[in-house]
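Trainee: How does the following fold in three dimensions:
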Amino acid sequence: MAILGLGAIGGFLASIFWKQGVLVTCIGKPEQVRVINEHGIRLESARFGEVLAYPQAVHQLNYEPDLLFIAVKAPFLNDALGLVSRALVSNSVVIPLLNGFEHVSAIRERVGNRVAVGMIGAIEAVKVGWNHIIHSSRHAPHIELASNHDIPKKDLCRIGEFLSRMGVETLVCNREAEVIWRKLARLNAIASTTAASQETIGFIRQDPVWRRKLEGCVGEGVAVARKEGVKIDPEAVMHQIDALPPTLTTSLQRDIGKRIPSEVDAIPGAILRLAKLHHVPCPAIQEVYTMIMERIR
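Mentor: Have a look, this model is predicted:
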């Protein structure tokens, strides 16, 4: 197994797989590779305990893996894909775990059709050092998978069984759009409002003005999802959001606060582009997107 990307998600997965005895290769930048090969990955997890993992780390994929997880953020995808030879993954199952949807076609153009879209949830992992990750959730991490192309569902089910044995609950869906929008309708609302306000989800839920923006983002995201053939209940999405810990922050929020490259274009930006194609008005998403962009100008 190989994992492209050594951020919070990639390092978290590498650590829990390594803990279970899986041979894992991490692919990343030279300085990341050096630190991990010398010092390992330190995971502090509310669910999995403290783990000091020593997966192999390389700057360029150097063998043909059965599974390749792509765990980078959208702004870094193009450079990361340069570390993977198409010839080495022609028979692999490639599972991108990026947020959004525009990355899927870009990945297939680079590595071929053996791609299964994946979305990871129920994970609150933050990277606090080159090789130090804090995982604060006590819930089992959750991955959803689907492929519209060359990966048969039975193969995805076998992968799901493997991941479940590793402690990652897995659901195999029928279509990629289901996987994408089941998460994105919720994530966009949470990430966009917390990033625009630089407040926790607890504040967003309690403040009347921000709650209206939150509900508007959910409703508009659900409307776009319906145009993509995915029916989602907005009340169910709000119920999920209301159940989140009040102190929760988001990766997009933290990146915007630090003024570093973020997923603003891949999450609300991409939804707004698709909404325009479908002629779906999205004033709430547009408002918070504009507020986010003003923060980074």
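
Trainee: Enumerate every residue touching A270.
Mentor: Contacts of A270 were listed using C-beta atoms under 8 Å, 6 or more residues apart in numbering, and they are G100, F101, E102. In short, each C-beta sits where N, CA and C put it, glycine included.

Trainee: Can you get me a residue count around the last one?
Mentor: Using other C-beta atoms under 10 Å, the number of residues around E102 comes to 15.

Trainee: distance of it from R254?
Mentor: Distance, E102 to R254, by C-beta to C-beta, to the nearest Å: 22 Å.

Trainee: re the thing from before, so which of the contacts of A270 would you say is closest to I241?
Mentor: G100 (18.7 Å; C-beta to C-beta).

Trainee: Can you pull the phi/psi pair for the residue nearest to the closest one when sequence neighbours are not counted?
Mentor: Spatial nearest neighbour of G100, excluding adjacent residues (C-beta to C-beta, 6 or more residues apart in numbering): A266 at 3.8 Å. Note on A266: its backbone torsions stand at phi -80, psi -20 [degrees, to the nearest 10].

Trainee: Do I have it right that A266 meets P96?
Mentor: No. Using C-beta atoms under 8 Å, A266 is not in contact with P96; the gap is 11.6 Å.

Trainee: measure L13 to T250 for me?
Mentor: Here L13 is placed at a distance of 19 Å from T250 (C-beta to C-beta).

Trainee: These two: which is more packed in?
Mentor: Per other C-beta under 10 Å, whichever of L13 and T250 has more neighbours is L13, with 28 against 20.

Trainee: Just the element for the more buried one, please.
Mentor: Per DSSP states H and E, L13 falls inside helix 8-19.

Trainee: count of neighbours near P30?
Mentor: Applying other C-beta under 10 Å, we find 10 residues neighbouring P30.

Trainee: and what of E199?
Mentor: Number of residues near E199 (other C-beta under 10 Å) recorded here: 16.

Trainee: Okay, now the unreliable bits of the chain?
Mentor: Applying pLDDT under 70 to the chain picks out no residues at all.

Trainee: May I have the phi/psi pair for the residue of it most remote from its centre?
Mentor: Ranked by distance from the centre of the chain (C-alpha atoms, centre = their mean), the top residue is P208, with 28.9 Å. As for P208, its main-chain torsions (degrees, to the nearest 10) stand at phi -60, psi -40.

Trainee: I'd like the distance between it and L214.
Mentor: For P208 relative to L214 (C-beta to C-beta), the value is 11 Å.

Trainee: ok, now R42?
Mentor: Distance check for R42 against L214: by C-beta to C-beta, it reads 35 Å.

Trainee: Which of those two has more residues huddled nearby?
Mentor: L214 (25 against 18).

Trainee: Just the element for that one, please.
Mentor: helix 208-227.

Trainee: How about S164?
Mentor: Element membership of S164 [criterion: DSSP H and E] is helix 153-165.

Trainee: Toward the C-terminus, what is the element adjacent to the longest helix along the chain?
Mentor: As assigned by DSSP state H, the longest helix anywhere in the chain is helix 176-197. Per DSSP H and E, helix 176-197 leads on to helix 201-206 as the next helix or strand towards the C-terminus.

Trainee: Next up, the contacts around G28.
Mentor: Counted by C-beta under 8 Å, 6+ apart, G28 has contacts L4, G5, L6, G10, I36, A57, H59, L83.

Trainee: Just these: which are in strands?
Mentor: L4, A57 (DSSP state E).

Trainee: PyMOL command for the buried members of the contacts of G28?
Mentor: Here is the PyMOL command that selects the buried residues among the contacts of G28 (16 or more other C-beta atoms under 10 Å):
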select buried, resi 4+5+6+10+36+57+83
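
Trainee: Specify which member of the contacts of G28 is nearest to L67.
Mentor: Nearest member of the contacts of G28 to L67, counting by C-beta to C-beta, is L4, at 11.0 Å.

Trainee: wait, that closest one sits on K29?
Mentor: No. Assessed by C-beta under 8 Å, L4 is found out of contact with K29, at 11.4 Å.

Trainee: before we move on, back to that, what is the distance between the helix holding L214 and the centre of its chain?
Mentor: Taking C-alpha atoms, centre = their mean, to the nearest Å, one finds the center of helix 208-227 at 20 Å from the center of the full chain.

Trainee: Name the residues of it that come out as buried.
Mentor: So, applying 16+ other C-beta under 10 Å, buried residues of helix 208-227: 210-211, 213-225.
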